[in-house]
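Engineer: have a look; sequence and predicted model below, questions after that.
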Amino acid sequence: MVCQKILILFYFFLIVVATVSAELQQMRANHTKDPFNDDLRCKFHYHALQGMATPSSLGGTLSLQALLEYFFCKTLEQSVVAAHCPTQFFFNFINLLAFYSYAITRVLWIAYTLSHKLSRPSSSQVLTVFFFLFPVFPCGPDNRQWEYFGGKCYYFSLQSIGWHEARYQCEYKRSQLVVIDNLAEQNFLQTRTRNGRFWIGLHDQGTEGDWKWLDDKNYETGFKNWKQGEPNDYGQKEDCAQLWNSGEWNDYSCSSESFYVCEKSLPNNAASAGNRS
């Protein structure tokens, strides 16, 4: 029996090693080797982890990829050069290995406890194990790149494109360019976009100065957060709005390239689960 348990643990250990190694090698291979773009890519790609100190504080709410990128991006924060250093890469691998080995050990211990010490586990204990093994994603298991806030789901792009293409990309994802309703939403977006410029669903392409939201929300009576001196229609060709680095709004040429933010309502199944709780 002891030998069987050791073999099982060793088997899981090998799975962790193979998975982490493959993921990190792929991430390293895809690196741009451009310090500025690397830093932006890092911060945008793990936006769901911003403000969290360590993976242990995340519980089971994020995917393997997100957790891997946490370690990868923490390395970039310390030094962009370190991301290309084999020694630093090795230590990243060891950190990930230790974390996932610990996670698997926890799972096995829970399973062992329930099977050997409880003839009939209580419903609360079963739910505890279930939510540990099967992470809960507020925006749905098929939308792990989306981040939840205030009853909506948000997608922060990694690609810079024009406003019209950004609008199309959001619609393709069954969403729309973000419409900012209030200060709380503005603050949320500002913390996620502080290192770049992002298109939002606001424009005055029909008539100069007649700004319109894509969802037809009343612009005149709604929330606004323009940068001082904006919108100024510089060069008479700035008809689309974007979030500036500071979080304030700026009008910009629609054909210029920026990142973008999509938003959509919470999936029906997730909303229903929330209503039942």
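Structural biologist: Everything's here; your move.
Engineer: in the helix or strand encompassing residue 259, which residues are buried?
Structural biologist: According to DSSP states H and E, residue 259 maps onto strand 259-265. Across strand 259-265, burial judged by 16 or more other Cβ atoms under 10 Å covers 259-264. C-betas here are computed from N, CA, C, even on glycine.
Engineer: that strand packs against which elements?
Structural biologist: strand 152-156, helix 163-172, strand 176-177, strand 198-203 (3 or more Cβ pairs under 8 Å, 6 or more residues apart in numbering; DSSP states H and E).
Engineer: residue 233 contacts residue 250, correct?
Structural biologist: No: using Cβ atoms under 8 Å, residue 233 is not in contact with residue 250, being 11.3 Å away.
Engineer: between the two, who's got more neighbours?
Structural biologist: residue 250 (21 against 13; other Cβ atoms under 10 Å).
Engineer: distance check, the more buried one against residue 234.
Structural biologist: 10 Å (Cβ to Cβ, to the nearest Å).
Engineer: what does residue 218 give?
Structural biologist: Following Cβ to Cβ, the distance that separates residue 218 from residue 234 is 26 Å.
Engineer: ok, these two, which is more surrounded?
Structural biologist: The neighbour comparison of residue 218 against residue 234 (other Cβ under 10 Å) goes to residue 234, with 13 against 8.
Engineer: returning to what we had before: now the strand holding residue 259 against helix 163-172, angle please.
Structural biologist: 30 degrees (axes from the mean of the first three to the mean of the last three Cα atoms, to 10 degrees).
Engineer: need the residues that contact strand 259-265.
Structural biologist: The contact list for strand 259-265 (Cβ atoms under 8 Å, 6 or more residues apart in numbering) reads 44, 146, 151-161, 163, 166, 169-170, 173-179, 189, 192-193, 196-200, 243, 271.
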